[in-house]
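Asker: Turn this into a structure:
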Amino acid sequence: MRAIVVLLVAACGPGARPAPPVPTAPPVPLEAETRGCAEAAAGLERGTRGLREPEVSVLASMRVRCLDDGWSPAAIECFARMTEADLGRCAALVPPRARERMFDRVGGGARDGVAVAVALAKLSGLKVGIPECDHFVSTVAHVLLCDRMALEVRAQLGTETADFWSLPTSGLPADAQLRMADVCGRSTVFLEQQAVDAGCTP
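Answerer: Numbering: from 1, shown residues only. Now for the predicted structure:
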């Protein structure tokens, strides 16, 4: 017993080393928190506020779309952080059919500003597969960003282009592809001239 007391005194004396600290888990950064559909809907509400009429809200409908369509964690995170310029980038993370349902709600009955934003978002992920037509689509996207052209003209151009080229074009016979390439080439020349006339840089 005395030996044990001596050992305790020696251990607690001035020369004793303090016990090493017990390691603790590092705090979880805010960025690593798992976000949900409520945050994605709130991000869409904020990110499209400048494009919608003040009294129109998409908060509740976007939360329903997110839950019903099962948006991926990457899409939810993108929408939760989005700005007005991120609509197309974030929408590309949603499957095509779910993306169309989301666009229908965001752009449904909206003013021309949101129609242009939705068209840009659609065109950003559109690939026709015919070089001349892909060039035409990219020219339309460029023109949609030019505020020297009337907003209603851009809204109509973007909506019609996105709706037309969303149709499947794969598997077309060679002669049909050649005709499409010719039409797209001439359409691009015409659109570029319209843009120059409006004061948009080519």
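Asker: so what secondary structure elements neighbour the longest helix along the chain?
Answerer: Scanning the chain for the helix with the most residues, using DSSP state H, yields helix 174-198. The contact analysis (3 or more Cβ pairs under 8 Å, 6 or more residues apart in numbering; DSSP states H and E) places helix 174-198 against helix 131-144. Every C-beta, even on glycine, is put in place using the N, C-alpha and C of the backbone.
Asker: Buried residues in the helix it packs on, which are they?
Answerer: Residues Glu132, Cys133, His135, Phe136, Val137, Thr139, Val140, Ala141, His142, Val143, Leu144 are the ones in helix 131-144 that count as buried (16 or more other Cβ atoms under 10 Å).
Asker: Now do that helix and helix 174-198, the angle between them.
Answerer: 20 degrees (axes from the mean of the first three to the mean of the last three Cα atoms, to 10 degrees).
Asker: Kindly list the main-chain dihedrals of the spatially most central residue of the chain?
Answerer: Using Cα atoms, centre = their mean, the residue of the chain that lies closest to the mean C-alpha position is Cys90, 1.7 Å off. When quoted as degrees, to the nearest 10, the phi and psi of Cys90 stand at phi -70, psi -40.
Asker: Over to the one 5 residues further on?
Answerer: Recorded main-chain torsions at Pro95 are phi -60, psi 150, according to degrees, to the nearest 10.
Asker: could you measure the nearest residue to it once chain neighbours are set aside against Met102, distance?
Answerer: Among residues not flanking Pro95 along the chain, Asp69 sits closest, at 7.4 Å (Cβ to Cβ, 6 or more residues apart in numbering). Between Asp69 and Met102 the computed distance is 8 Å (Cβ to Cβ, to the nearest Å).
Asker: quick one, which of these two is more surrounded?
Answerer: Met102 (26 against 17; other Cβ atoms under 10 Å).
Asker: you'd agree the more buried one is up against Val64?
Answerer: No: contact between Met102 and Val64 fails when scored by Cβ atoms under 8 Å: they sit 10.5 Å apart.
Asker: on that earlier part again, quick check: neighbours shared by Asp69 and Met102?
Answerer: Val94 (Cβ atoms under 8 Å, 6 or more residues apart in numbering).
Asker: just to revisit the earlier point, and the residue nearest to the centre of the chain, what does it touch?
Answerer: Ala75, Cys78, Phe79, Met82.
Asker: Closest one to Phe190 out of those, please.
Answerer: Taking Cβ to Cβ as the measure, Phe190 lies nearest Met82 of the contacts of Cys90, at 34.2 Å.
Asker: For Thr48, see how far away the closest one is.
Answerer: In this view, Met82 and Thr48 are 9 Å apart by Cβ to Cβ.
Asker: Between these two, which is the more surrounded one?
Answerer: Taking neighbours as other Cβ under 10 Å, Met82 and Thr48 compare with Thr48 leading, 23 against 19.
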